[in-house]
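Novice: mind looking at a prediction? Sequence and model below.
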Amino acid sequence: MDFKKLSVFLQENGLPAFRLKQVRDAVYKSFAGSWDDVSALPAPLRERLKHEFRLHSVEAVKTLVSKKGDAVKFAFELKDGLKIETVLLNLLPEKWSLCVSTQVGCPVRCPFCATGKKGLKRNLSPDEIADQFLASAAWLKKNRGGKIGSVIFMGMGEPFLNYESVSDAIKIMTDPELIALGQRHVSVSTAGHVPGIRRFAKDFPQCNLALSLHASEDVLRNELVPLNRTYPLSQLAKALNDYIVMTHRRVFIEYVLLEGLNNSRSQAAKLNSWLRSVAAPKYFTINIIPHNRTGSQYRAPARDRIKVFAGLMEENGFEVTVRKSLGEDIAGACGQLAGK
Ligand code: SAH
Ligand code: SF4
(Lines give C-alpha, C1' and ligand atoms only; values in the text may rest on other atoms or scores of the structure.)
(Ligands and ions follow the chains in the order given, each with its own letter.)
Protein backbone atom coordinates (compact mmCIF):
# COMPACT_ATOMS: atom_id res chain seq x y z
CA MET A 1 0.00 0.00 0.00
CA ASP A 2 1.40 3.36 -1.03
CA PHE A 3 0.72 5.50 2.03
CA LYS A 4 2.48 8.55 0.59
CA LYS A 5 0.15 8.54 -2.37
CA LEU A 6 -2.83 7.99 -0.09
CA SER A 7 -1.79 10.96 2.02
CA VAL A 8 -1.60 13.18 -1.07
CA PHE A 9 -4.95 11.85 -2.25
CA LEU A 10 -6.60 12.70 1.07
CA GLN A 11 -5.12 16.20 1.01
CA GLU A 12 -6.09 16.92 -2.57
CA ASN A 13 -9.63 15.82 -1.89
CA GLY A 14 -9.98 17.85 1.29
CA LEU A 15 -10.37 14.76 3.44
CA PRO A 16 -9.23 14.66 7.10
CA ALA A 17 -5.70 13.43 7.75
CA PHE A 18 -6.85 10.98 10.45
CA ARG A 19 -8.23 8.77 7.68
CA LEU A 20 -4.61 7.88 6.91
CA LYS A 21 -4.10 6.49 10.40
CA GLN A 22 -7.37 4.57 10.17
CA VAL A 23 -6.23 2.88 6.97
CA ARG A 24 -2.76 2.26 8.38
CA ASP A 25 -4.18 0.61 11.51
CA ALA A 26 -6.60 -1.50 9.48
CA VAL A 27 -3.78 -2.73 7.23
CA TYR A 28 -1.00 -3.27 9.79
CA LYS A 29 -2.88 -3.97 13.01
CA SER A 30 -6.16 -5.58 11.96
CA PHE A 31 -4.88 -7.25 8.78
CA ALA A 32 -7.66 -6.03 6.53
CA GLY A 33 -7.83 -8.24 3.46
CA SER A 34 -9.78 -5.80 1.26
CA TRP A 35 -11.09 -2.25 1.37
CA ASP A 36 -14.40 -3.63 2.67
CA ASP A 37 -12.57 -4.70 5.83
CA VAL A 38 -11.47 -1.11 6.51
CA SER A 39 -14.68 -0.56 8.42
CA ALA A 40 -13.64 2.69 10.10
CA LEU A 41 -14.07 4.51 6.79
CA PRO A 42 -17.42 5.80 5.57
CA ALA A 43 -18.72 3.53 2.79
CA PRO A 44 -18.58 6.14 -0.02
CA LEU A 45 -14.91 6.88 0.72
CA ARG A 46 -14.14 3.16 0.75
CA GLU A 47 -15.77 2.83 -2.67
CA ARG A 48 -13.62 5.67 -4.04
CA LEU A 49 -10.41 4.26 -2.57
CA LYS A 50 -11.19 0.85 -4.04
CA HIS A 51 -10.80 2.34 -7.50
CA GLU A 52 -7.70 4.37 -6.70
CA PHE A 53 -5.54 2.11 -4.51
CA ARG A 54 -4.66 -1.53 -4.09
CA LEU A 55 -4.55 -2.46 -0.42
CA HIS A 56 -1.56 -4.77 -0.98
CA SER A 57 1.14 -4.74 -3.65
CA VAL A 58 0.77 -8.50 -3.99
CA GLU A 59 -2.43 -10.31 -4.92
CA ALA A 60 -3.08 -14.00 -4.27
CA VAL A 61 -3.93 -15.65 -7.58
CA LYS A 62 -3.72 -19.18 -6.18
CA THR A 63 -3.94 -20.58 -2.66
CA LEU A 64 -3.10 -24.22 -2.02
CA VAL A 65 -3.67 -25.92 1.34
CA SER A 66 -1.77 -29.13 2.13
CA LYS A 67 -3.77 -32.28 2.87
CA LYS A 68 -2.94 -32.10 6.55
CA GLY A 69 -3.75 -28.41 6.62
CA ASP A 70 -0.36 -27.58 8.10
CA ALA A 71 0.98 -25.68 5.10
CA VAL A 72 -0.57 -23.08 2.82
CA LYS A 73 1.12 -21.87 -0.33
CA PHE A 74 0.18 -18.61 -1.98
CA ALA A 75 1.06 -17.66 -5.51
CA PHE A 76 1.14 -13.87 -5.41
CA GLU A 77 1.00 -11.76 -8.52
CA LEU A 78 2.96 -8.52 -8.56
CA LYS A 79 1.93 -5.32 -10.31
CA ASP A 80 4.01 -6.20 -13.39
CA GLY A 81 2.41 -9.64 -13.66
CA LEU A 82 5.39 -11.62 -12.32
CA LYS A 83 4.62 -14.23 -9.67
CA ILE A 84 6.23 -15.20 -6.39
CA GLU A 85 5.41 -17.78 -3.75
CA THR A 86 4.95 -17.50 -0.02
CA VAL A 87 4.34 -20.36 2.40
CA LEU A 88 2.50 -20.38 5.71
CA LEU A 89 3.62 -23.19 8.00
CA ASN A 90 1.80 -24.40 11.08
CA LEU A 91 4.70 -25.58 13.23
CA LEU A 92 3.02 -25.49 16.63
CA PRO A 93 -0.66 -25.36 17.53
CA GLU A 94 -1.93 -21.79 16.96
CA LYS A 95 1.58 -20.70 15.91
CA TRP A 96 2.15 -19.98 12.27
CA SER A 97 5.41 -19.19 10.62
CA LEU A 98 5.64 -17.38 7.29
CA CYS A 99 8.30 -18.10 4.70
CA VAL A 100 8.72 -15.03 2.46
CA SER A 101 10.40 -14.49 -0.90
CA THR A 102 12.87 -11.68 -1.52
CA GLN A 103 13.49 -11.97 -5.26
CA VAL A 104 11.63 -13.22 -8.33
CA GLY A 105 13.85 -16.22 -9.05
CA CYS A 106 17.41 -16.30 -7.75
CA PRO A 107 20.75 -15.54 -9.40
CA VAL A 108 22.75 -17.98 -7.25
CA ARG A 109 21.50 -21.02 -9.16
CA CYS A 110 22.17 -23.83 -6.69
CA PRO A 111 21.61 -26.88 -8.92
CA PHE A 112 19.37 -28.72 -6.40
CA CYS A 113 16.94 -25.80 -5.94
CA ALA A 114 13.86 -25.13 -8.05
CA THR A 115 14.06 -21.35 -7.53
CA GLY A 116 17.58 -21.18 -8.90
CA LYS A 117 16.64 -22.92 -12.15
CA LYS A 118 15.29 -19.84 -13.85
CA GLY A 119 17.84 -17.31 -12.67
CA LEU A 120 16.88 -13.85 -11.45
CA LYS A 121 13.95 -11.89 -12.90
CA ARG A 122 14.09 -8.99 -10.46
CA ASN A 123 14.39 -7.91 -6.85
CA LEU A 124 11.29 -7.37 -4.72
CA SER A 125 10.55 -3.96 -3.21
CA PRO A 126 10.21 -3.55 0.58
CA ASP A 127 6.41 -3.36 0.20
CA GLU A 128 6.30 -6.49 -1.91
CA ILE A 129 8.11 -8.35 0.87
CA ALA A 130 6.14 -6.89 3.78
CA ASP A 131 2.84 -7.28 1.90
CA GLN A 132 3.43 -11.04 1.67
CA PHE A 133 3.02 -10.90 5.45
CA LEU A 134 -0.03 -8.64 5.39
CA ALA A 135 -1.87 -10.59 2.70
CA SER A 136 -1.08 -13.95 4.37
CA ALA A 137 -2.10 -12.62 7.79
CA ALA A 138 -5.39 -11.43 6.28
CA TRP A 139 -6.00 -14.90 4.81
CA LEU A 140 -5.16 -16.57 8.12
CA LYS A 141 -7.44 -14.27 10.06
CA LYS A 142 -10.35 -14.97 7.73
CA ASN A 143 -9.81 -18.70 7.24
CA ARG A 144 -8.24 -20.04 10.40
CA GLY A 145 -8.38 -17.36 13.04
CA GLY A 146 -4.66 -17.83 13.77
CA LYS A 147 -1.74 -15.43 13.82
CA ILE A 148 1.71 -15.33 12.30
CA GLY A 149 4.27 -15.49 15.11
CA SER A 150 7.47 -15.56 13.10
CA VAL A 151 8.88 -14.80 9.67
CA ILE A 152 11.63 -16.66 7.88
CA PHE A 153 13.32 -15.18 4.82
CA MET A 154 13.67 -18.55 3.17
CA GLY A 155 11.42 -18.38 0.14
CA MET A 156 12.55 -17.53 -3.37
CA GLY A 157 15.77 -15.56 -3.70
CA GLU A 158 18.97 -14.73 -1.84
CA PRO A 159 18.02 -12.09 0.76
CA PHE A 160 21.44 -10.45 0.96
CA LEU A 161 21.56 -9.86 -2.80
CA ASN A 162 18.57 -7.58 -2.18
CA TYR A 163 19.79 -6.18 1.13
CA GLU A 164 18.13 -2.74 1.03
CA SER A 165 14.64 -4.09 0.43
CA VAL A 166 15.06 -6.89 2.95
CA SER A 167 16.30 -4.43 5.54
CA ASP A 168 13.37 -2.05 4.94
CA ALA A 169 10.92 -4.96 5.05
CA ILE A 170 12.33 -6.13 8.41
CA LYS A 171 11.90 -2.58 9.70
CA ILE A 172 8.23 -2.59 8.65
CA MET A 173 7.72 -6.01 10.25
CA THR A 174 9.36 -5.08 13.55
CA ASP A 175 8.23 -1.44 13.90
CA PRO A 176 5.96 -1.29 16.99
CA GLU A 177 3.68 1.14 15.11
CA LEU A 178 3.36 -1.22 12.17
CA ILE A 179 3.48 -5.06 12.22
CA ALA A 180 5.28 -5.13 15.58
CA LEU A 181 6.96 -8.56 15.41
CA GLY A 182 9.89 -8.99 17.78
CA GLN A 183 13.29 -9.10 16.03
CA ARG A 184 13.83 -12.47 17.69
CA HIS A 185 10.97 -13.79 15.61
CA VAL A 186 12.60 -12.86 12.31
CA SER A 187 15.15 -15.17 10.65
CA VAL A 188 17.11 -14.60 7.47
CA SER A 189 18.66 -17.45 5.52
CA THR A 190 21.65 -16.75 3.28
CA ALA A 191 23.62 -18.88 0.87
CA GLY A 192 26.75 -17.27 2.34
CA HIS A 193 26.86 -13.67 1.11
CA VAL A 194 29.73 -12.36 3.24
CA PRO A 195 29.12 -8.58 3.01
CA GLY A 196 25.45 -9.22 3.79
CA ILE A 197 26.29 -11.22 6.91
CA ARG A 198 28.50 -8.36 8.11
CA ARG A 199 25.83 -5.72 7.53
CA PHE A 200 23.14 -7.88 9.11
CA ALA A 201 25.21 -8.28 12.29
CA LYS A 202 25.35 -4.49 12.66
CA ASP A 203 21.81 -3.68 11.57
CA PHE A 204 19.81 -6.52 13.14
CA PRO A 205 21.77 -8.12 15.99
CA GLN A 206 18.55 -9.43 17.54
CA CYS A 207 17.30 -11.24 14.42
CA ASN A 208 18.30 -14.82 13.65
CA LEU A 209 20.77 -15.80 10.98
CA ALA A 210 20.66 -19.07 9.07
CA LEU A 211 23.47 -20.13 6.76
CA SER A 212 22.87 -22.60 3.95
CA LEU A 213 26.18 -24.43 4.13
CA HIS A 214 25.59 -27.84 2.48
CA ALA A 215 29.32 -28.61 2.15
CA SER A 216 32.48 -27.82 4.10
CA GLU A 217 35.05 -28.05 1.34
CA ASP A 218 35.35 -25.50 -1.45
CA VAL A 219 35.38 -27.91 -4.40
CA LEU A 220 32.00 -29.39 -3.50
CA ARG A 221 30.52 -26.13 -2.23
CA ASN A 222 31.50 -24.33 -5.46
CA GLU A 223 29.29 -26.83 -7.24
CA LEU A 224 26.38 -26.92 -4.78
CA VAL A 225 26.28 -23.22 -3.89
CA PRO A 226 27.93 -21.26 -6.75
CA LEU A 227 28.11 -18.13 -4.56
CA ASN A 228 30.99 -19.95 -2.86
CA ARG A 229 33.19 -19.04 -5.85
CA THR A 230 32.85 -15.40 -4.80
CA TYR A 231 32.88 -15.96 -1.02
CA PRO A 232 34.83 -19.16 -0.29
CA LEU A 233 34.67 -21.04 3.00
CA SER A 234 37.67 -19.24 4.53
CA GLN A 235 35.98 -15.84 4.10
CA LEU A 236 32.68 -17.27 5.27
CA ALA A 237 34.30 -18.65 8.42
CA LYS A 238 35.73 -15.23 9.29
CA ALA A 239 32.44 -13.42 8.70
CA LEU A 240 30.54 -15.98 10.76
CA ASN A 241 33.03 -15.80 13.59
CA ASP A 242 32.77 -12.00 13.61
CA TYR A 243 28.99 -12.30 13.58
CA ILE A 244 29.02 -14.55 16.64
CA VAL A 245 31.57 -12.42 18.50
CA MET A 246 29.51 -9.33 17.80
CA THR A 247 26.01 -10.63 18.48
CA HIS A 248 26.61 -13.62 20.82
CA ARG A 249 23.84 -15.27 18.85
CA ARG A 250 23.45 -18.87 17.87
CA VAL A 251 23.58 -19.46 14.09
CA PHE A 252 21.38 -21.96 12.28
CA ILE A 253 23.28 -24.09 9.80
CA GLU A 254 21.13 -25.46 7.00
CA TYR A 255 22.49 -28.63 5.45
CA VAL A 256 20.56 -30.17 2.57
CA LEU A 257 21.41 -33.85 2.55
CA LEU A 258 22.18 -35.17 -0.92
CA GLU A 259 22.80 -38.90 -1.20
CA GLY A 260 26.33 -39.76 -2.23
CA LEU A 261 27.48 -36.14 -2.26
CA ASN A 262 27.61 -34.58 1.19
CA ASN A 263 26.40 -37.24 3.61
CA SER A 264 29.44 -39.49 4.15
CA ARG A 265 31.28 -40.00 7.43
CA SER A 266 34.18 -37.95 6.16
CA GLN A 267 31.79 -35.13 5.18
CA ALA A 268 30.42 -35.17 8.72
CA ALA A 269 33.97 -34.94 10.05
CA LYS A 270 34.71 -32.00 7.74
CA LEU A 271 31.53 -30.24 8.83
CA ASN A 272 32.56 -30.78 12.43
CA SER A 273 36.01 -29.28 11.98
CA TRP A 274 34.85 -26.36 9.81
CA LEU A 275 32.21 -25.35 12.35
CA ARG A 276 34.69 -25.73 15.22
CA SER A 277 37.10 -23.47 13.32
CA VAL A 278 34.37 -20.81 13.45
CA ALA A 279 33.07 -21.14 17.02
CA ALA A 280 32.20 -23.61 19.78
CA PRO A 281 29.40 -26.10 19.01
CA LYS A 282 27.03 -24.34 21.42
CA TYR A 283 26.79 -21.50 18.88
CA PHE A 284 25.23 -23.70 16.23
CA THR A 285 22.04 -25.54 15.55
CA ILE A 286 22.35 -27.79 12.54
CA ASN A 287 19.14 -28.14 10.55
CA ILE A 288 19.39 -31.16 8.34
CA ILE A 289 17.06 -30.82 5.38
CA PRO A 290 16.46 -34.04 3.46
CA HIS A 291 16.46 -32.98 -0.18
CA ASN A 292 13.01 -32.38 -1.64
CA ARG A 293 12.53 -33.51 -5.24
CA THR A 294 12.71 -30.76 -7.83
CA GLY A 295 13.15 -32.79 -10.99
CA SER A 296 16.96 -32.74 -10.81
CA GLN A 297 19.26 -35.76 -10.44
CA TYR A 298 19.70 -35.18 -6.69
CA ARG A 299 18.19 -37.52 -4.14
CA ALA A 300 17.73 -37.47 -0.37
CA PRO A 301 19.45 -40.34 1.47
CA ALA A 302 17.28 -43.13 2.88
CA ARG A 303 15.85 -42.42 6.31
CA ASP A 304 18.36 -44.55 8.24
CA ARG A 305 21.26 -42.82 6.45
CA ILE A 306 19.85 -39.43 7.39
CA LYS A 307 19.76 -40.65 11.00
CA VAL A 308 23.37 -41.77 10.83
CA PHE A 309 24.56 -38.36 9.61
CA ALA A 310 22.49 -36.54 12.25
CA GLY A 311 23.81 -38.92 14.93
CA LEU A 312 27.42 -38.24 13.94
CA MET A 313 26.95 -34.51 14.32
CA GLU A 314 25.24 -35.02 17.67
CA GLU A 315 28.18 -37.11 18.84
CA ASN A 316 30.36 -34.22 17.78
CA GLY A 317 28.52 -32.06 20.29
CA PHE A 318 26.08 -30.14 18.10
CA GLU A 319 22.37 -29.59 18.47
CA VAL A 320 20.81 -31.22 15.43
CA THR A 321 17.31 -31.16 14.04
CA VAL A 322 16.07 -33.02 10.99
CA ARG A 323 13.57 -30.82 9.21
CA LYS A 324 10.25 -32.50 8.61
CA SER A 325 8.94 -31.57 5.27
CA LEU A 326 5.65 -29.73 5.51
CA GLY A 327 3.73 -28.99 2.38
CA GLU A 328 5.48 -31.38 0.06
CA ASP A 329 2.16 -32.23 -1.59
CA ILE A 330 1.72 -28.57 -2.57
CA ALA A 331 5.38 -28.11 -3.64
CA GLY A 332 5.76 -25.61 -0.83
CA ALA A 333 8.66 -27.39 0.82
CA CYS A 334 12.20 -25.97 0.87
CA GLY A 335 13.62 -25.52 -2.61
CA GLN A 336 10.42 -26.35 -4.42
CA LEU A 337 9.26 -22.77 -4.87
CA ALA A 338 9.54 -21.97 -8.53
CA GLY A 339 6.72 -19.49 -9.10
CA LYS A 340 5.20 -21.52 -11.92
N1 SAH B 1 18.61 -18.28 -0.82
C2 SAH B 1 18.58 -18.48 0.56
C3 SAH B 1 17.21 -18.59 1.15
C4 SAH B 1 16.19 -19.39 0.38
S5 SAH B 1 16.51 -21.10 0.11
C6 SAH B 1 19.44 -19.67 0.95
O7 SAH B 1 19.81 -20.44 0.07
O8 SAH B 1 19.71 -19.82 2.14
C9 SAH B 1 15.90 -21.85 1.59
C10 SAH B 1 16.57 -23.17 1.96
O11 SAH B 1 16.08 -24.25 1.18
C12 SAH B 1 18.07 -23.15 1.76
O13 SAH B 1 18.72 -23.69 2.88
C14 SAH B 1 18.23 -24.03 0.55
O15 SAH B 1 19.50 -24.55 0.47
C16 SAH B 1 17.17 -25.06 0.76
N17 SAH B 1 16.83 -25.81 -0.43
C18 SAH B 1 16.91 -25.42 -1.71
N19 SAH B 1 16.52 -26.41 -2.54
C20 SAH B 1 16.17 -27.45 -1.75
C21 SAH B 1 15.64 -28.75 -2.01
N22 SAH B 1 15.38 -29.15 -3.26
N23 SAH B 1 15.40 -29.56 -0.97
C24 SAH B 1 15.60 -29.14 0.29
N25 SAH B 1 16.08 -27.93 0.60
C26 SAH B 1 16.35 -27.08 -0.41
FE1 SF4 C 1 18.97 -19.20 -4.50
FE2 SF4 C 1 18.83 -20.23 -2.02
FE3 SF4 C 1 17.84 -21.57 -4.15
FE4 SF4 C 1 20.46 -21.30 -3.87
S5 SF4 C 1 19.08 -22.40 -2.48
S6 SF4 C 1 19.31 -21.00 -5.78
S7 SF4 C 1 20.60 -19.26 -2.99
S8 SF4 C 1 17.10 -19.65 -3.36
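Specialist: Yep, that arrived. Ligands and ions are numbered 1, 2, ... in the order given.
Novice: tell me the SS of L181?
Specialist: The three-state label given to L181 by DSSP: H, G, I helix; E, B strand; the rest coil is coil.
Novice: got it, and T285?
Specialist: Per three-state DSSP, T285 ends up strand.
Novice: how much space between it and ligand 1?
Specialist: In this view, T285 and ligand 1 are 13 Å apart by CB to the nearest ligand atom, to the nearest Å. All C-beta spots, glycine's among them, are computed from the backbone N, C-alpha and C.
Novice: near ligand 2, which residues of the stretch 101-250 of the chain?
Specialist: Applying CB under 6 Å from any ligand atom, one finds that the stretch 101-250 of the chain approaches ligand 2 through C106, V108, R109, C110, C113, T115, G116, G157, E158, A191, S212.
Novice: and the fourth one, what helix or strand is that in?
Specialist: Looking back up the chat, that one is C110. Per DSSP states H and E: C110 is located in neither a helix nor a strand.
Novice: give the full set of residues in contact with N272.
Specialist: Taking CB atoms under 8 Å, 6 or more residues apart in numbering, we find N272 in contact with L312, M313, N316, F318.
Novice: pull out the buried residues from the longest helix along the chain.
Specialist: When the chain is scanned for its longest helix (criterion: DSSP state H), the result is helix 126-143. For helix 126-143, the neighbour count (16 or more other CB atoms under 10 Å) marks 126-141 as buried.
Novice: mean confidence (pLDDT) on the helix or strand that it is followed by, please.
Specialist: Sequence-wise, the next helix or strand downstream of helix 126-143 (DSSP H and E) is strand 147-153. In this model, strand 147-153 has a mean pLDDT of 96.
Novice: likewise stretch 24-44?
Specialist: 95.
Novice: stretch 9-16 too?
Specialist: 95.
Novice: in the chain, what residue lies closest to ligand 2?
Specialist: Residue nearest to ligand 2 within the chain (CB to the nearest ligand atom): G116, separated by 2.7 Å.
Novice: can you list the buried residues in stretch 24-35?
Specialist: Applying 16+ other CB under 10 Å to stretch 24-35 flags A26, V27, Y28, F31, A32, G33, W35 as buried.
Novice: grab the nearest non-local neighbour of K307.
Specialist: Sequence neighbours aside, V322 is the residue nearest to K307 in space, at 7.9 Å (criterion: CB to CB, 6 or more residues apart in numbering).
Novice: quick one: residues contacting that neighbour.
Specialist: V322 is in contact with N287, I288, P290, I306, K307, A310, counting by CB under 8 Å, 6+ apart.
Novice: many thanks, have a good one.
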